[in-house]
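One predicted model, sequence on top.
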Amino acid sequence: MIETIFLAIVISKLKGYKPSRLFKAWPIYLIISFELIYILLQILIFNDNYSFVKYSSVLEKCFLILFLILALLYQQYLSAIIGSACIIIGGLLNNLAISSNNGKMPVFPTLSYLTGYVTHKSWMVVGDIHILGTSTTKLKFLTDIFDLGYCVMSIGDIFIRTFVFLIVFNTIKELSKDIYLKKSKNS
């Protein structure tokens, strides 16, 4: 989800907020640490080590909880509620795609084949909920069709990442307000 965090930082900067203030908040270091672990796991996948893939759903839930800490600490209640609704919608969309395809999530890799993230061998080795999408895939638009080269996402996954974006963006916005309030008090 590093790209989602970067997107929130870039957009907050474009809006005139101070993204650097985010790095004065201790929960961001928990998030960065977890993101580094996630990057390490991605490197393992690139090296054909899929032994941890069975734990990926648990890791994702833990990662999202870290954002809740950030939301609670900086009182981003509305962002957390809207983001949680996005997680529920995303989960429902993913579950609909999975249930329509015999309990599996079809994946349509394109760029990931070029980067080496996905290989034909990986489909046989991993053996998780994901399968290679085919012409018989139902509700293809809800399956993993958005290929970033190091992950393939569905519309549901994008909804889930909206939670991360909202928390990071609005925390930066809130922390930037502190700067403006302090400056106006000193004037």
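Received it, and whenever you're ready, just let me know what you need.

Tell me where this structure has strands.
Counting by DSSP state E, the chain has strands at residues 105-107, 130-132, 146-147, 152-153.

Which one of those lies nearest to residue 31?
strand 152-153 (19.2 Å; C-beta to C-beta). Yep, even glycine has a C-beta here, placed from its N, CA and C like the rest.

ok, that closest one: who's next to it in the sheet?
strand 146-147 (antiparallel) (DSSP bridges).

Tell me how far the longest helix along the chain lies from the chain's centre.
Counting residues, the longest helix in the chain under DSSP state H turns out to be helix 155-186. With C-alpha atoms, centre = their mean, to the nearest Å as the basis, helix 155-186 stands 16 Å off its chain's centre.

Show me what that helix is packed up against.
Here helix 155-186 touches helix 2-14, helix 56-73, helix 77-100, strand 146-147, going by 3 or more C-beta pairs under 8 Å, 6 or more residues apart in numbering; DSSP states H and E.

list the buried ones in it?
155-157, 159-176 (16 or more other C-beta atoms under 10 Å).

Please apply the same query to stretch 3-16.
4, 5, 7, 8, 9, 12.

Would you mind saying which of the helices and strands packed on helix 155-186 lies nearest residue 117?
Comparing these by C-beta to C-beta, strand 146-147 comes nearest, at 8.8 Å.

How about residues contacting that closest one?
108, 109, 110, 111, 112, 152, 153, 154, 155, 157, 158 (C-beta atoms under 8 Å, 6 or more residues apart in numbering).

are any of those buried, and which?
Looking at those with 16+ other C-beta under 10 Å, the buried ones turn out to be 108, 109, 112, 152, 153, 154, 155, 157.

Grab the CA positions of stretch 79-91 and hand them over as CSV.
Taking Å, rounded to 0.1, in the frame of the first residue of the first chain, the C-alpha atoms of stretch 79-91 are listed here in CSV:
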residue,chain,number,x,y,z
SER,A,79,-12.3,9.6,7.8
ALA,A,80,-12.2,6.3,9.8
ILE,A,81,-16.0,5.8,9.4
ILE,A,82,-15.9,6.6,5.7
GLY,A,83,-12.8,4.5,5.2
SER,A,84,-14.4,1.6,7.1
ALA,A,85,-17.4,1.8,4.8
CYS,A,86,-15.0,1.6,1.9
ILE,A,87,-13.4,-1.5,3.4
ILE,A,88,-16.8,-3.1,3.8
ILE,A,89,-17.8,-2.2,0.2
GLY,A,90,-14.4,-3.5,-1.0
GLY,A,91,-14.7,-6.7,0.9
